[in-house]
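1. I need the structure of the sequence given here:
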Amino acid sequence: MLTYLADGEWDYAFTGSFEHPIYKNINQTSARNLAMTELEKICKLVIFNPTQQVITHLEHLPVLITTYKQEDAIDISPLRINKVTGLEKLNIHEFIAFGNDSNDQCLFEKAAYSVCVGDNEVQHYASKKISKEESQKQFYNH
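-> Next comes the predicted model:
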C-alpha cells in the first residue's frame, strides 16, 4: 500500500509516518488531516517510498514528477502548475527566492537572485547556497 500526503486547498490527507520530515513541516495549526476522499480538490500529491513500477506508470500521465531523493518520495503536480506560475498569476515577475528543495528549482531559475538553504541538488540553480545552521544563525541574530 502506498503512503502519501495529498495537499488540498486548505486541508490535507496524510498516511505516512508522523516522524517523516515532510509531516513535521505541515501547518497543523489550521489545516486538518482528512481522508483523501474528503478533500474537495487535490493540488499536489507526495508519494513516499514509491516503487519503480509506480514511477513508470506515472511517467505516462500528463503530470510533473519531482523526486526527493533524501526523503525517498516523489511529488506529483499538474503540468505547468508550480511556484513561478503562482507568482505570475499574482502579476509578480521579478522576485528574490529562498528555497530548500527540488520543487524550488523553477524559482531559482527565474529569480533575480536566489538562495538555496541547506544541502540539496537544486543548489546548483541558485545564486547562493547557505547551510541550515547559517540561516538559523542569521535569523536569530537579527
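
2. Phi, psi for the residue nearest the centre of the chain please.
-> A centroid search over the chain (CA atoms, centre = their mean) returns residue 103, at 5.0 Å, as the residue closest to the centre. Backbone geometry at residue 103, expressed as degrees, to the nearest 10, gives phi -80, psi 0.

3. how long is stretch 114-122 from one end to the other?
-> 11 Å (CA to CA, to the nearest Å).

4. hmm, back to that, let me know the pLDDT of the residue nearest to the centre of the chain.
-> Looking at residue 103, its pLDDT stands at 86.

5. Repeat that for residue 138.
-> The model's pLDDT for residue 138 equals 66.

6. Likewise for residue 142?
-> Predicted confidence (pLDDT) for residue 142: 58.

7. how about the helices in this protein?
-> 21-24, 52-58, 83-89, 105-110, 132-140 (DSSP state H).
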